[in-house]
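Peer 1: Show me how the following folds:
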Amino acid sequence: SSLRMNRAERVLKSAATGASYNMLLQLSFRVVTFLMNAYVLRHISGELLGVVNVRLTLLYTTILFVSREAFRKACLTRTDDRIQWRQTINLLWFTVPIGLVTAAGLSAVWMFVLRQPSTDHYVWGVLAYSLAAVLELCTEPLWVIAQTFLYVRLKVAVEAAAVLVRCLVTVFLLVLMPHWGLMTFIIAHLAFTAVYLLLYFGPFGLHVMSAEFQRRHDDFTVGSWFDLLPHSHAAQPFINWKQARLAISFFFQSFLKQFLTEGERYVMTFFAVLSFGEQGIYDVINNLGSLVARFIFQPVEESFYVFFSQTLHRGVPYHNQTQTSLRVASETLYMLLKFASLIGSIILVFGYSYSYLLLQLYGGEKLTDGAGPTLLRWYCVYVLVIALNGVTECFVLATMSNKEVDLYNRTMVGFSVLFLLSALFFTHLVSSVGFIWANCINMMARIAHSVHFIHKYYSGTDYSPLKGLIPSWQVWVSLVLSFIITSQSELHFCCDAQVATVYHIAVGVCCVAVTAGAILIGEKQFIQFGMKRLFNIGSRAD
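Peer 2: Purely as a prediction, here's the structure:
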């Protein structure tokens with residue numbers, strides 16, 4: 001029992017550390033891309049921005065997500081069996097042929113079926129982004145090894161370095177070769193992929209092969225570069241079929257999740273409801289709106305999916321779990337829901353009154369004229385919904401049985417249809433704002449499903465993690481007052497005169513300080529939990 005508790009605590013500490021490091025990565029990444037997009041927005045056309053940030057990026061992310069997400073979830077899921085690394089690595093290499101087939105099929109659609117932009121080098125862009133995705137799939141065995149052995153800083157270092165190189169190459173070529181157009185972004189993206197591959201197969205790959213790594217992890221059976229390649233072993237089947245069946249269960253669900261995550265881009269791409277120029281502007285607003293969401297909530301979801309999947313046995317009811325694991329998982333879920341509801345509510349309240357100012361500072365009249373401010377205000381509502389869905393769904397997907405995952409896949413079909421119909425209807429009604437409405441409806445349906453699962457999972461216990469959804473009354477009062485005060489401040493001070501704008505900012509700072517004080521008073525348990533997990537880490541995994 002003591003060993004079990006130590007393991008659960010160690011995984012929790014690693015998950016918290018991983019989330020904090022990933023938040024740092026996301027913050028660095030978003031700050032860099034924020035500044036780069038501010039520069040790019042003033043030096044390229046809206047059409048080129050739409051082609052790169054919507055059309056080509058959608059191709060790249062779709063290939064990666066469809067090809068690897070199911071395998072990652074299956075290979076990181078905890079079972080009673082000892083990990084057979086030979087079989088796990090063989091299974092992970094299936095991502096490459098799946099990626100090749102996916103890339104070939106989607107590239108053909110992107111080049112010959114979809115509406116073609118007038119941008120030069122578009123075909124080269126499709127081929128380059130597809131190639132980059134397939135090459136990155138070759139790192140999957142090393143990625144899973146890093147996650148399994150809790151190398152929480154590795155992803156931060158690799159992606160930060162790769163993103164930095166891509167940003168520098170983009171700005172460098174835009175300054176020196178402004179007439180290159182799309183070719184600038186093609187070269188920059190290939191540079192990102194090259195750095196990503198070199199860092200995984202270079203420093204980390206050599207570390208995995210080292211004698212020190214082998215001593216620290218005596219159950220690890222990979223001792224050479226050849227062992228990282230797919231090959232059979234006489235004493236074992238080529239793959240673990242239990243793991244493979246789990247990957248198949250996740251495969252369809254991952255495809256649907258990608259559609260729901262990038263749903264508005266698929267609707268834009270396949271139904272042409274917006275021009276490439278409008279897509280480019282929408283993408284800028286979308287990046288601004290998701291700045292905090294992806295900086296905070298995505299790292300939390302990724303890190304704590306690993307925690308829940310390694311702490312609780314998949315598909316096993318609560319009475320067959322150890323009490324230590326059940327307690328730690330419940331406390332953690334409660335605090336994560338509290339975290340999501342607090343951050344999401346703060347963004348909603350203050351984002352409403354400061355959206356216009358942010359867009360004016362970032363892109364000037366190009367963004368403030370038209371639907372930009374309204375779009376960003378609605379995105380603040382969407383951020384709260386994203387936050388709650390990410391936390392609830394990461395617990396659900398980490399604890400569902402194979403049968404429940406298959407059932408959830410069918411439910412996701414319904415969510416996909418709901419989003420598609422909502423998006424088509426609302427975009428014709430209110431243009432690009434309709435995408436945000438459709439996403440909110442879809443996410444709220446998924447939250448309802450996840451809340452039902454969590455309630456049922458803990459219904460026979462003394463634990464009530466769903467209470468974390470509700471902030472304390474002190475926080476509620478501070479948020480309501482802040483919304484009223486900042487709304488009036490925007491009406492009277494924002495945003496024509498510089499002095500008045502400074503007053504508006506000062507009002508917001510004061511309201512944020514009051515809200516922070518309300519959190520310190522009303523959410524003491526949450527604060528103590530965060531201090532313990534993030535700032536009293538103890539031993540490190542890497």
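Peer 1: And the pLDDT at Leu27?
Peer 2: At Leu27, the predicted lDDT confidence score is 65.
Peer 1: what do you get for Arg86?
Peer 2: Note for Arg86: predicted pLDDT of 80.
Peer 1: same check, this time on the one 10 residues further on
Peer 2: Note for Val96: predicted pLDDT of 95.
Peer 1: Tell me, how many residues neighbour it?
Peer 2: By other CB atoms under 10 Å, the residues close to Val96 number 17. (Each C-beta comes from the backbone N, C-alpha and C, glycine too.)
Peer 1: And it, how far from Ala133?
Peer 2: Distance of Val96 to Ala133, computed by CB to CB, to the nearest Å: 11 Å.
Peer 1: Could you do Asp462 as well?
Peer 2: 47 Å.
Peer 1: if you count what's nearby, which of those two comes out ahead?
Peer 2: With neighbours defined as other CB under 10 Å, Asp462 and Ala133 compare such that Ala133 has more, 26 against 8.
Peer 1: what's near enough to touch that one?
Peer 2: By CB atoms under 8 Å, 6 or more residues apart in numbering, the residues touching Ala133 are 59-60, 63-64, 67, 99, 103.
Peer 1: try 6 Å
Peer 2: Counting by CB atoms under 6 Å, 6 or more residues apart in numbering, Ala133 makes contact with 60, 63-64.
Peer 1: Mind checking what secondary structure the residue nearest to it when sequence neighbours are not counted has?
Peer 2: Excluding its sequence neighbours, the residue lying closest to Ala133 (CB to CB, 6 or more residues apart in numbering) is Ile63, at 3.9 Å. Under the three-state scheme (DSSP: H, G, I helix; E, B strand; the rest coil), Ile63 adopts helix.
Peer 1: Ile63 against Val101, yeah?
Peer 2: No - when contacts are counted by CB atoms under 6 Å, Ile63 is not listed as touching Val101 (9.9 Å).
Peer 1: So which of these two has more stuff around it?
Peer 2: Using other CB under 10 Å as the criterion, Ile63 and Val101 rank with Ile63 on top: 28 against 13.
Peer 1: Now do the strands in this structure.
Peer 2: Assigned by DSSP state E, the chain shows no strands.
Peer 1: where does it dip in pLDDT?
Peer 2: 1-30, 32-34, 37, 77-83, 152, 218-219, 221-223, 234, 533-542 (pLDDT under 70).
Peer 1: hmm, try it at 50
Peer 2: Under the criterion pLDDT under 50, the flagged ranges of the chain are 3, 5, 80, 535-542.
Peer 1: what about Thr261, distance to Ser416?
Peer 2: Thr261 sits 11 Å away from Ser416, going by CB to CB.
Peer 1: more neighbours, those two?
Peer 2: Higher neighbour count among Thr261 and Ser416: Ser416, with 18 against 14, using other CB under 10 Å.
Peer 1: so what's that one up against?
Peer 2: Counting by CB under 6 Å, 6+ apart, Ser416 has contacts 256, 259.
Peer 1: rerun that using 8 Å as the cut-off
Peer 2: Contact analysis of Ser416 by CB under 8 Å, 6+ apart lists 256, 259-260, 263.
Peer 1: What is the end-to-end distance of stretch 228-239?
Peer 2: Start-to-end span of stretch 228-239 (CA to CA, to the nearest Å) is 14 Å.
Peer 1: Any idea how far it is from the middle of the chain?
Peer 2: 33 Å (CA atoms, centre = their mean, to the nearest Å).
Peer 1: got it, and stretch 460-479?
Peer 2: Distance of stretch 460-479 from its chain centroid, counting by CA atoms, centre = their mean, is 25 Å.
Peer 1: Now that stretch - C-alpha only, CSV.
Peer 2: Output of stretch 460-479 as CSV, limited to C-alpha atoms (Å, rounded to 0.1, in the frame of the first residue of the first chain):
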residue,chain,number,x,y,z
GLY,A,460,-20.9,4.7,-4.8
THR,A,461,-18.1,6.6,-3.0
ASP,A,462,-17.8,9.4,-0.5
TYR,A,463,-15.9,11.5,-3.1
SER,A,464,-17.6,14.4,-5.1
PRO,A,465,-15.0,15.8,-7.5
LEU,A,466,-17.7,17.5,-9.6
LYS,A,467,-18.1,20.1,-6.8
GLY,A,468,-15.0,21.6,-8.2
LEU,A,469,-17.0,23.1,-11.0
ILE,A,470,-18.6,25.7,-8.7
PRO,A,471,-16.4,28.6,-7.4
SER,A,472,-16.9,30.0,-3.9
TRP,A,473,-19.4,32.8,-3.3
GLN,A,474,-16.5,35.3,-2.7
VAL,A,475,-15.3,34.6,-6.2
TRP,A,476,-18.8,34.9,-7.7
VAL,A,477,-19.3,38.3,-6.1
SER,A,478,-15.9,39.6,-7.3
LEU,A,479,-16.5,38.4,-10.9
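Peer 1: quick one: contacts of it?
Peer 2: Contact with stretch 460-479 is made by 318-319, 326-327, 330-331, 333-338, 341-342, 345-346, 349, 388, 451, 454-455, 458, 511, 514-515, 517-519, 521-523, as judged by CB under 8 Å, 6+ apart.
Peer 1: returning to that earlier point: I'd like the contacts of Ala133 written out as CSV, with distance to Ser224 added.
Peer 2: Listed next are those as CSV, based on distance: CB to CB, whole Å:
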residue, distance to Ser224
Tyr60, 32
Ile63, 30
Leu64, 28
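Peer 1: Surely Tyr503 and Ser489 touch.
Peer 2: Yes - here Tyr503 reaches Ser489: they are 7.3 Å apart, a contact under CB atoms under 8 Å.
Peer 1: Which of those two has more residues huddled nearby?
Peer 2: Taking other CB under 10 Å, Tyr503 and Ser489 do not tie; Ser489 has more neighbours (21 against 15).
Peer 1: From Val502, how far off is the more buried one?
Peer 2: Ser489 is 11 Å from Val502, by CB to CB.
Peer 1: Overlap of the contact sets of these two?
Peer 2: Common neighbours of Ser489 and Val502 (CB under 8 Å, 6+ apart) do not exist.
Peer 1: From Leu520, how far off is the residue nearest to the spatial centre of the chain?
Peer 2: Centroid-nearest residue in the chain: Gln298, 3.7 Å away (criterion: CA atoms, centre = their mean). Distance, Gln298 to Leu520, by CB to CB: 26 Å.
Peer 1: can you check Tyr122 too?
Peer 2: Distance of Tyr122 to Leu520, computed by CB to CB: 53 Å.
Peer 1: ok, the two, which is more surrounded?
Peer 2: Comparing Tyr122 with Leu520 by other CB under 10 Å, the one with more neighbours is Tyr122, at 17 against 12.
Peer 1: ok, that one touching Leu182?
Peer 2: Yes - the pair Tyr122 / Leu182 is scored as a contact, 6.7 Å apart, by CB under 8 Å.
Peer 1: which residues are in contact with both of the two?
Peer 2: With CB under 8 Å, 6+ apart as the test, Tyr122 and Leu182 both reach Val51.
Peer 1: Report the contact partners of Arg446.
Peer 2: 260, 389, 393, 415.
Peer 1: How many neighbouring residues does the first one have?
Peer 2: When counting by other CB under 10 Å, one arrives at 20 neighbours for Leu260.
Peer 1: dump the residue contacts of it.
Peer 2: 412, 415-416, 419, 442, 446.
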